[in-house]
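Q: Pasting the sequence and the predicted model now:
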Amino acid sequence: MNRMRVEKITCSRIPTKQGVFQLCYYRNNQDNKEHLTLILGDISRESDPLVRIHSECFTGDVLGSLRCDCGPQLQQAMQQIAAAGSGIIIYLRQEGRGIGLLDKLRAYNLQDMGYDTVEANLLLGHQADARDYTVAAFILQDLGVRSLRLLTNNPAKIAGLEAHGLHVSQRLPLTVSPNEENAAYLQTKAERMHHLLEVESAPALIAPPLNGQSARNGRPFITLSYAQSLDGSITAQRGQPLALSSAESLRLTHQLRASHDAILVGIGTALADDPGLTVRLVDGRHPQPIIVDSHLRTPLTAKLLQHPHPPLIAATDAADFRRAAALEKAGATVLRLPATPDGRVQLPALLHQLYDRGIRSVMVEGGAQIITSFLAAHLVDRLALTVAPLFVGGLNAVENLPVNGHGFPRLHNVQTQRLGQDMVLFGDVSFEG
């Protein structure tokens with residue numbers, strides 16, 4: 001085979017939200033593909049320019065698919081290069097880890113049948129990863145780059161560039177935000193393809209799959225997530241909010257929010273905190289907000305009425321019709337449900353109605369009455385508990401559970417993770433006696 005040659009054909013100015021890049025079109029004598037570079041600033045002045053080698057991903061880069069982390073990584077790379085003032089993104093036309101778009105879609109179908117991303121490629125007669133970084137190395141050399149700082153989680157890219165005489169002086173990781181669609185994919189990348197991800201050590205970031213029992217019962221999967229002090233307090237006094245989570249564990253909370261279809265709080269939390277319940281600290285979808293408000297006390301000024309998804313408010317059949325009309329005029333949807341003997345919304349009825357609306361996973365954030373009610377009704381599948389390193393001596397997260405010594409909630413498959421100074425306890429919940 002002839003020695004590879006690359007040729008820059010033309011460049012054009014491309015203004016983006018991150019800055020003004022030069023988009024350059026490259027030809028080569030090997031693969032007959034149109035590889036591209038995005039260049040920001042004067043890279044000739046950089047001894048170790050910031051570089052991202054990005055393989056084409058139509059589904060992630062263009063459509064924003066949640067099945068992979070490609071689109072967010074490309075955006076992060078552009079943002080980091082813009083923050084640095086200069087850098088290079090090489091956009092290789094290697095769709096589907098080199099197997100092409102057609103077989104990538106076939107691989108997706110195999111993954112939906114239960115195969116992981118590596119098994120799917122192998123079943124189609126391909127390598128697990130068919131990409132090659134030779135052309136990227138030659139393009140960098142054409143740009144005068146001999147040493148670089150590489151934005152990547154993939155050690156194969158470092159080896160591929162160094163095999164052609166380039167020096168990678170530093171690897172800079174790109175963060176990923178797992179969701180229910182890509183969690184297994186990221187896990188496979190870490191375990192089988194040796195990508196340098198923290199998915200394996202951060203189980204609380206991975207959205208749970210649908211629990212078979214909850215699906216059979218016609219209700220969503222329920223993740224109970226809240227923060228407490230060392231003595232089990234969630235606030236100093238009822239009705240007064242208390243920030244307990246560190247910045248690191250708060251980011252985890254937002255990752256969990258993004259991985260669930262809906263997020264649920266009680267009216268006590270809605271009144272005390274006036275929460276937004278959006279995803280702000282990570283990339284991801286905003287969950288559908290739900291307020292359990294038996295007597296429709298939600299204020300018309302509540303932030304949740306300005307949420308990107310108008311809230312669902314769960315009330316009893318006895319709730320005031322005029323109040324319901326006012327809330328619905330403000331954008332909410334009021335769900336009228338049967339009441340318990342003490343006048344509260346029947347949670348099983350609420351969950352069945354949410355399931356009928358297509359909601360398959362709900363993150364329950366509190367407060368104490370809601371936490372206790374879900375546990376007492378045996379309606380929790382998974383727990384993500386953040387413990388902050390302080391004593392408060394206030395209101396406990398869990399009140400009296402009417403279990404009479406039997407069926408105490410227990411955790412299985414327990415894992416822990418330290419985030420900042422907080423400890424996160426993560427596990428599956430069972431209610432066996």
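A: Structure received.

Q: Need phi/psi at the residue nearest to Arg382 when sequence neighbours are not counted.
A: Leaving aside its sequence neighbours, Arg382 sits nearest to Thr223 (CB to CB, 6 or more residues apart in numbering; 4.7 Å). Every C-beta, even on glycine, is put in place using the N, C-alpha and C of the backbone. Main-chain torsions, Thr223, degrees, to the nearest 10: phi -110, psi 120.

Q: can you count the residues close to Thr223?
A: Counted with other CB atoms under 10 Å, the neighbours of Thr223 add up to 24.

Q: Repeat that for Leu110.
A: 17.

Q: top helix in this protein by residue count?
A: Ordering each helix of the chain by length in residues (DSSP state H) puts helix 70-84 first.

Q: Using CSV, write down the CA coordinates of the helix or strand just after that helix.
A: Sequence-wise, the next helix or strand downstream of helix 70-84 (DSSP states H and E) is strand 87-92. Output in CSV follows, covering the C-alpha atoms of strand 87-92 (Å, rounded to 0.1, in the frame of the first residue of the first chain):
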residue,chain,number,x,y,z
GLY,A,87,-7.5,24.1,19.4
ILE,A,88,-8.3,21.5,16.8
ILE,A,89,-11.2,19.1,16.3
ILE,A,90,-10.6,16.4,13.7
TYR,A,91,-13.9,15.0,12.5
LEU,A,92,-13.3,11.5,11.1
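
Q: I'd like to check the angle between the longest helix of the chain and strand 87-92, please.
A: 160 degrees (axes from the mean of the first three to the mean of the last three CA atoms, to 10 degrees).

Q: Are there helices or strands packed against helix 70-84, and which ones?
A: Contacting helix 70-84 under the criterion 3 or more CB pairs under 8 Å, 6 or more residues apart in numbering; DSSP states H and E are the following elements: strand 19-28, strand 35-40, strand 50-55, strand 87-92, strand 147-151.

Q: Tabulate those strands (CSV), appending distance to Leu66 and mean neighbour count.
A: Below are the helices and strands packed on helix 70-84 laid out as CSV (distance: least, CB to CB, whole Å; neighbours: other CB atoms under 10 Å):
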stretch, distance to Leu66, mean neighbour count
strand 19-28, 26, 17
strand 35-40, 24, 21
strand 50-55, 18, 24
strand 87-92, 21, 23
strand 147-151, 21, 19
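
Q: Same list, the ones you listed, but as TSV with distance to Ala227 please.
A: Below are those laid out as TSV (distance: least, CB to CB, whole Å):
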stretch	distance to Ala227
strand 19-28	38
strand 35-40	40
strand 50-55	35
strand 87-92	38
strand 147-151	33
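
Q: out of those, nearest to Thr301?
A: strand 19-28 (39.4 Å; CB to CB).

Q: Parallel or antiparallel, list what pairs with that closest one.
A: strand 6-16 (antiparallel), strand 35-40 (antiparallel) (DSSP bridges).

Q: May I see these arranged in JSON lines, with mean pLDDT as well?
A: Formatted as JSON lines, the strands paired with strand 19-28 follow (pLDDT from 0 to 100):
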{"stretch": "strand 6-16", "mean pLDDT": "97"}
{"stretch": "strand 35-40", "mean pLDDT": "97"}
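
Q: Distance to Glu119 added to these, as a markdown table?
A: Output for the strands paired with strand 19-28, formatted as a markdown table (distance: least, CB to CB, whole Å):
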| stretch | distance to Glu119 |
| --- | --- |
| strand 6-16 | 34 |
| strand 35-40 | 29 |
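
Q: which sections of the stretch 151-300 of the chain are below the confidence cut-off?
A: When residues are selected by pLDDT under 70, those of the stretch 151-300 of the chain lie in 179-180, 198-216, 239.

Q: Helices of that one, start to end?
A: Taking DSSP state H, counting those that start in this stretch as the criterion, the stretch 151-300 of the chain carries its helices at 155-162, 183-192, 212-216, 247-258, 267-273.

Q: Need the nearest residue in space to Val398, chain neighbours excluded.
A: Thr372 is the one closest to Val398 (CB to CB, 6+ apart), at 5.5 Å.

Q: ugh, wrong one, I meant Leu401
A: Excluding its sequence neighbours, the residue lying closest to Leu401 (CB to CB, 6+ apart) is Ala376, at 5.4 Å.

Q: correct me, but that neighbour touches Pro402?
A: Yes: under the criterion of CB atoms under 8 Å, Ala376 makes contact with Pro402 at 5.9 Å.

Q: more neighbours, the two?
A: Legend: neighbour count by other CB under 10 Å for Ala376 and Pro402, higher for Ala376 (19 against 7).

Q: For that one, give me the backbone phi and psi.
A: Per degrees, to the nearest 10, the backbone of Ala376 is at phi -60, psi -30.

Q: And the pLDDT for it?
A: If you check Ala376, the pLDDT there is 89.

Q: try Asn28
A: 95.

Q: Against Arg3, how distant is it?
A: Per CB to CB, to the nearest Å, Asn28 is found 11 Å from Arg3.

Q: again, but for Leu250
A: 53 Å.

Q: The two: which has the busier surroundings?
A: Taking other CB under 10 Å, Leu250 and Arg3 do not tie; Leu250 has more neighbours (19 against 7).

Q: That one against Val279, yeah?
A: No: the criterion here is CB under 8 Å, and Leu250 misses it with Val279 at 11.7 Å.

Q: ok, back up a step: quick one: closest of the helices and strands packed on helix 70-84 to His126.
A: Among the helices and strands packed on helix 70-84, strand 50-55 sits nearest to His126 (CB to CB), with 14.2 Å.
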